[in-house]
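>>> fold the following, please.
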Amino acid sequence: MITRLILQTVIWLTAMGALLFGAAGSLAWPAAWWYLIELGGLSLWLGLWLARHDPGLLAERLAPFVQAQQSRWDRLFMMGVALAWCGWLIVMGLDAMRFRWSAPFPVWLVSFGSLCVFLCLFLCCFVFQANSYAAPVVKIQTSRGHKVIDTGPYAHVRHPMYGAALLLLAGTPLLLGSWWGLAFVPVMVIGIGWRAVREERVLADQLDGYTAYMARVRYRFVPFVW
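You can find the predicted model right below:
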């Protein structure tokens, strides 16, 4: 499984690099290199941690993002996310490097973007520690004894991984130096919010105790916000 983790990470980073540097028209983009190194290194660290502490969840995380057990709407959503992510990387490469529509970002803002990326993956570790059913697709994992999780970060928000993802969405264009990339973030956040609402309908309908959990934990992503 570790071999698969490393292989998928390398393929994923190679594809992202091809989109970023292809759109930029140059390999001389230190911010993009650091982004790939940071994201890849943290992802491998998190995957290796899962391999030791929860191999079942790692297997779920490495599974295809389109699966037969998913609802049709979630399969379409995940395919849309993949396309949107690729387009987003291309836009940021065109903006930050090829055409330089955005003025160079100050070092402190780029550093803040890097910190956001780090915090996203760091917080995901706490999510995985609390929830062994945190698969990337919306489905009930009956064979793994799927149950409601209300400890750790789930005691405060119903979708802590989505909350952590907001940091990645904001940090990526800041690190790469693209205002155009940042302009697309609200649209992506709305998309994640839409999926969270649909996901909750599935869980409330098919997972015992989830409706009561929703009544206890009011907020979805960020405490006292939403």
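>>> show me what the helix or strand hosting Gly80 is packed against.
Secondary-structure element containing Gly80, defined by DSSP states H and E: helix 72-93. Helices and strands touching helix 72-93, as assessed by 3 or more CB pairs under 8 Å, 6 or more residues apart in numbering; DSSP states H and E, comprise helix 2-24, helix 160-176, helix 179-183, helix 185-206. From N, CA and C alone the C-beta is placed, and that goes for glycine too.
>>> the residue nearest the centre of the chain and Pro106, how far apart?
A centroid search over the chain (CA atoms, centre = their mean) returns Ala165, at 4.7 Å, as the residue closest to the centre. Using CB to CB, to the nearest Å, one obtains 25 Å as the distance from Ala165 to Pro106.
>>> check Leu169 too.
Taken as CB to CB, the spacing of Leu169 relative to Pro106 amounts to 20 Å.
>>> Leu42 too?
Using CB to CB, one obtains 24 Å as the distance from Leu42 to Pro106.
>>> in terms of neighbours, single out the busier of these two.
Just comparing Leu42 and Pro106: by other CB atoms under 10 Å the higher neighbour count belongs to Leu42, 17 against 10.
>>> thought the more buried one was touching Leu119?
No - in terms of CB atoms under 8 Å, Leu42 does not count as a neighbour of Leu119; the distance is 10.1 Å.
>>> give the contact list for Gln67.
Taking CB atoms under 8 Å, 6 or more residues apart in numbering as the contact definition, Gln67 lies against Arg75, Val137, Lys139.
>>> so the second one touches Gln69, yeah?
Yes - between Val137 and Gln69 a contact is recorded at 7.4 Å, counting by CB under 8 Å.
>>> more neighbours, these two?
Under the neighbour definition other CB under 10 Å, Val137 and Gln69 were set side by side, and Val137 has more, 19 against 14.
>>> nearest spatial neighbour of that one, chain-adjacent residues omitted?
Nearest residue to Val137 in three dimensions, chain neighbours excluded: Gln70, at 5.0 Å (CB to CB, 6 or more residues apart in numbering).
>>> what sits against the one you found?
Counting by CB under 8 Å, 6+ apart, the residues that Gln70 touches are Met78, Val137, Val138, Lys139.
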